[in-house]
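Peer 1: Build me a structure from this.
(one chain, ligands or ions: 1)
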Amino acid sequence: MSLRIECLSCRMGGQPILHRVDDLEAWPGEITALVGPNGAGKSTLLKNIAGLVTAAGGIVLDGASLSNTSFTARAQKLYYLPQDIGSNSVLTVFEAVLLARRTRTSEHGHEALYKVRDTLRALELEDLAERALATLSGGQRQRVAIAQAVVREPRLLLLDEPTSALDLHHQLQVLEWLSRLARERGIVVIMAIHDLSLAARFAAHVWMLHQGRSVAHGTPGDVLTRARLREVYAIETHIEWPADQPPRITPLAATRRLGI
Ligand SMILES: Nc1ncnc2c1ncn2[C@@H]1O[C@H](COP(=O)(O)OP(=O)(O)OP(=O)(O)O)[C@@H](O)[C@H]1O
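Peer 2: Predicted coordinates for the structure are as follows:
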């Protein structure tokens, strides 16, 4: 399975948001990082792929256009994890993840319970299994949302800043686990992310958006250059690609005052 974006344009609130975003491809077994400054159009692009927003242009999954696929049929193939996942639910963590599993498959009995337990264990959520969602911290809630996404076993996983609320341990733990899942299950994972060091470390491909346009795509080394980060993010950076350590992209200074 691969996903291809062809000449995608989108308007929201009467305004053009995405402008002919073209020639982007994501492959199974790998994480594709979607990067760009605030308002670049990352969430809008993910919502387009998920079918939550109407767009003109092509979204092609496995050679077939998703644009003509019903929302229900899309939901069988993909899962979109939004940026805002606030919840006041009285469901427990276990019930919420089980419900996510059961709405995806019709399996009965122990299999769903095993899947839920495995997923909770992988995300270090076992100790929270009986807690109500409404009582969790932001980072705990975010890990439950990731569990709800993954337990459904989608073929295409769209994650909007999935590590934004996580501490350093859980950022690495979750991204290592997602990388392994992508590899083992052959899932296409597309993840919007602001931390460029994590993008460089975990993504095989990077799509960069700026002002609703695709400005670069390719390997992290090709896309995340000092010159491009200066142009797109208006920052000076120090970038290292050590052979024996993870890549480091350190922001040094903003090169112009941001309008406040
Ligand atoms: N419902 C809407 N109506 C009108 N404009 C919208 C709507 N949703 C988003 N926008 C605008 O579309 C542009 C892209 O927003 P989007 O949320 O896709 O950006 P983003 O790259 O995900 O940003 P961030 O990094 O801040 O999450 C922004 O200028 C935003 O204000």
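Peer 1: all contacts plus neighbour counts: C-alpha atoms, from now on.
Peer 2: Fine.
Peer 1: thinking residue 19 is in contact with residue 213, fair?
Peer 2: Yes. Residue 19 lies in contact with residue 213 (CA atoms under 8 Å); the separation is 5.5 Å.
Peer 1: Could you list the buried residues of the helix of greatest length in the chain?
Peer 2: With residue count as the measure and DSSP state H as the assignment, the chain has helix 168-185 as its longest helix. Of the residues in helix 168-185, those with enough neighbours to count as buried (16 or more other CA atoms under 10 Å) are 170, 171, 174, 175, 178, 179, 180, 181, 182, 183.
Peer 1: got the contact list for that helix?
Peer 2: Contacts of helix 168-185 with the rest of the structure, by CA atoms under 8 Å, 6 or more residues apart in numbering, involve 28, 29, 30, 31, 122, 123, 163, 187, 188, 189, 202.
Peer 1: Now list the buried members of these.
Peer 2: Restricting the contacts of helix 168-185 to buried positions leaves 28, 29, 30, 31, 123, 163, 187, 188, 189, 202, with burial counted as 16+ other CA under 10 Å.
Peer 1: Tabulate these (a markdown table), appending distance to residue 53, secondary structure and pLDDT.
Peer 2: Below are these laid out as a markdown table (distance: CA to CA, whole Å; DSSP: H, G, I helix; E, B strand; the rest coil; pLDDT from 0 to 100):
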| residue | distance to residue 53 | secondary structure | pLDDT |
| --- | --- | --- | --- |
| 28 | 24 | coil | 95 |
| 29 | 26 | coil | 96 |
| 30 | 25 | strand | 96 |
| 31 | 23 | strand | 98 |
| 123 | 30 | coil | 93 |
| 163 | 24 | coil | 95 |
| 187 | 23 | coil | 94 |
| 188 | 20 | strand | 96 |
| 189 | 20 | strand | 97 |
| 202 | 28 | helix | 98 |
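Peer 1: Dump the C-alpha coordinates for the longest helix of the chain into CSV.
Peer 2: What follows is helix 168-185, C-alpha atoms only, in CSV (Å, rounded to 0.1, in the frame of the first residue of the first chain):
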residue,chain,number,x,y,z
LEU,A,168,11.0,12.8,26.8
HIS,A,169,10.8,9.2,27.8
HIS,A,170,7.4,8.7,26.3
GLN,A,171,8.3,10.6,23.1
LEU,A,172,11.1,8.2,22.4
GLN,A,173,9.2,5.1,23.6
VAL,A,174,6.1,5.9,21.5
LEU,A,175,8.0,6.8,18.4
GLU,A,176,10.2,3.7,18.6
TRP,A,177,7.1,1.6,19.0
LEU,A,178,5.3,3.2,16.1
SER,A,179,8.4,2.7,13.9
ARG,A,180,8.4,-1.0,14.8
LEU,A,181,4.7,-1.4,14.2
ALA,A,182,4.9,0.4,10.9
ARG,A,183,7.7,-2.0,9.8
GLU,A,184,6.2,-5.2,11.2
ARG,A,185,2.6,-4.5,10.0
